[in-house]
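Q: here are the coordinates; sequence isn't available:
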Ligand code: 5AD
Ligand code: SF4
């Protein structure tokens, strides 16, 4: 049988889909990138906002419609399963496996085929890290690797602690060995993943120790990580990002809100001042740091003046880019229980538009400040832009850099002089391969 997987949501889901492929490959299933050819369709889902859920409902019906003349099995994986459980029995699906149930997936598929009924496993585990499963990755430049799973923070808006359970970390040596194997297979970059990646701890090793260990691997030239929480940013972590050349000078540091009352209601555990102080320490230690963030507008009871505080933080920090979301009430979270979703949709739209406009201006100015500078670019792929003549890579700060086609290979490191910039990308010409 041929399996087709569609993945929604965060990078952890991308990684999980690769894990699932490894589990299924062991059962002699093969894979296809064509929905039409698939005997088993898997949809790996996200629940972080309501529109993510809505998209999946629509997609399941669409897949049923597109393949209506074929016999096939369809399964839902990931956060929607642990979020909604039996409610998903309304959907025309054959099996439902939450993020900690993937080892059982082959048995579930067999069971659902044998019993002709819908099988659900939405149990969460305190231990599961999928240690010993080596994900089936597509060859490329970057490999995702989950170093910890779950979240203990219970920010009041967030469904993740309910959909992915408690924090647990993989052993340092297992991660090191996996990265060594990735380097042997030709991956030049690893991105360490976790819902709270910097809460990583295993047998006395913290996240800084993990970064240090992974950087010992010769073949790995770049190390990235997402997403850290501002509460777990000791000086030792800033120092290692500053001092270790392999660890990219990019930190994604979710702010969520700039107003102290809202940060309190969100249970983020820091104030605006503490966040700004952390940014200051990072900027002092790493002057060329690229900083990006996540922001939520329209949290219950947030006033326009309080949203202005978020805008002020944007202006002070001058993030290179921001992902800005409208608050979406998630059933079961503390915020959903305590605070009615009382900010009108139009007001949320006004706030998101206003913040996005400001961010776009800042992004453009920051990108333009790179014109004339030389960056090390790791070549990732042919550009998705219309011109097929272009290549696309990223600089140390994770910015997309477009260069003209040349005698280069995906995976090459190039020294590129930046000639032009938009709010989203840098454009440059290659001066030389990196020494
Ligand atoms: N509503 C809107 N955005 C949310 N996020 C998490 N939960 C919600 C929610 N209920 C955003 C946060 C987080 C990012 C991954 O998604 O900004 O950092
Ligand atoms: Fe959600 Fe907060 Fe955990 Fe991030 S840290 S996953 S926002 S609960």
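A: The structure has been received and is ready for your questions. What you see is a predicted model; the values in this text were computed from it and never measured. Ligands and ions are numbered 1, 2, ... in the order given.
Q: Which helix or which strand is home to residue 5?
A: Using DSSP states H and E, residue 5 falls within strand 2-7.
Q: what's the average pLDDT for that strand?
A: For strand 2-7, the mean pLDDT works out to 97.
Q: cool, stretch 236-248 as well?
A: 97.
Q: let's number from 42 now, not from 1
A: Understood, numbering begins at 42; the last thing we discussed is stretch 277-289.
Q: what's around the residue lying closest to residue 368 once chain neighbours are set aside, how many residues?
A: Nearest non-adjacent residue to residue 368, counting by Cβ to Cβ, 6 or more residues apart in numbering: residue 339, 4.4 Å away. For the C-beta atoms, the positions are set from N, CA and C on the backbone; glycine is no exception. For residue 339, the count of nearby residues is 22 (other Cβ atoms under 10 Å).
Q: ok, residue 339 touching residue 367?
A: Yes - using Cβ atoms under 8 Å, residue 339 is in contact with residue 367, at 5.4 Å.
Q: what is in contact with these two at once?
A: Both residue 339 and residue 367 are in contact with 389, 392-393, where contact means Cβ atoms under 8 Å, 6 or more residues apart in numbering.
Q: Now rank the residues you listed by neighbours and give me the top one.
A: The most neighbours of any of the shared contacts of residue 339 and residue 367, using other Cβ under 10 Å, belong to residue 392, which has 24 neighbours.
Q: Kindly provide the distance from it to residue 307.
A: Counting by Cβ to Cβ, to the nearest Å, the gap from residue 392 to residue 307 is 15 Å.
Q: next one: residue 458
A: In terms of Cβ to Cβ, residue 458 sits 43 Å off from residue 307.
Q: Looking at these two, which one has more neighbours?
A: Neighbours per residue (other Cβ under 10 Å) separate residue 458 from residue 307, with residue 307 holding more: 22 against 16.
Q: Next up, the contacts around the more buried one.
A: Taking Cβ under 8 Å, 6+ apart as the test, what residue 307 contacts is 196-198, 297-298, 337, 340, 376.
Q: any chance of the residues you listed in TSV, with neighbour count, pLDDT and secondary structure too?
A: Converted to TSV, the contacts of residue 307 look like this (neighbours: other Cβ atoms under 10 Å; pLDDT from 0 to 100; DSSP: H, G, I helix; E, B strand; the rest coil):
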residue	neighbour count	pLDDT	secondary structure
196	21	98	coil
197	20	98	coil
198	27	98	coil
297	22	98	strand
298	26	98	coil
337	26	98	strand
340	27	98	coil
376	20	98	helix
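Q: so which of these are also by ligand 1?
A: The subset of the contacts of residue 307 within reach of ligand 1, by Cβ under 6 Å from any ligand atom, is 198, 297, 337.
Q: Am I right that residue 257 is in a strand?
A: No - under DSSP: H, G, I helix; E, B strand; the rest coil, residue 257 sits outside any strand and is assigned coil.
Q: Mind checking if stretch 79-94 is in reach of ligand 2?
A: No - applying Cβ under 6 Å from any ligand atom, one finds stretch 79-94 separated from ligand 2 by no less than 8.0 Å.
Q: Report whether that stretch contacts ligand 1.
A: Yes - legend: contact between stretch 79-94 and ligand 1 by Cβ under 6 Å from any ligand atom is shown at 89-90.
Q: picking up where we left off before, in helices, which of the shared contacts of residue 339 and residue 367 appear?
A: The members of the shared contacts of residue 339 and residue 367 that map onto helices under DSSP state H are 389, 392-393.
Q: so residue 137 makes contact with residue 153?
A: No - with contact defined as Cβ under 8 Å, residue 137 and residue 153 do not form a contacting pair (9.5 Å).
Q: Quick check: neighbours shared by those two?
A: When Cβ under 8 Å, 6+ apart defines a contact, the residues bordering residue 137 and residue 153 alike are 116, 159-160.
Q: what does the stretch 342-476 of the chain have sitting close to ligand 2?
A: Residues of the stretch 342-476 of the chain lying near ligand 2 (Cβ under 6 Å from any ligand atom): none found.
Q: Which residue ranges of the stretch 342-476 of the chain form strands?
A: 362-367, 415-423, 431-435, 441-445, 454-462, 466-474 (DSSP state E, counting those that start in this stretch).
Q: Tell me what angle the fourth one forms with strand 454-462.
A: Right, the one you point to is strand 441-445. Using axes from the mean of the first three to the mean of the last three Cα atoms, to 10 degrees, the inter-axis angle of strand 441-445 relative to strand 454-462 is 100 degrees.
Q: neighbouring strands for strand 441-445, and are they parallel or not?
A: Its sheet considered, strand 441-445 pairs with strand 431-435 (antiparallel), strand 466-474 (parallel) by DSSP bridges.
Q: same thing with the second one?
A: Listed by DSSP bridges, the sheet partners of strand 415-423 and their directions read strand 431-435 (antiparallel), strand 454-462 (antiparallel).
Q: From the rest of the structure, what touches that strand?
A: Against strand 415-423 from outside (Cβ under 8 Å, 6+ apart): 181-183, 229-230, 262-263, 429, 431-437, 442, 444, 449-459, 467, 469, 472, 475.
Q: With the fourth one instead?
A: The set of residues that contact strand 441-445 without belonging to it, under Cβ under 8 Å, 6+ apart, is 416, 418, 420, 424, 426, 430-436, 455, 457, 459, 465-471.
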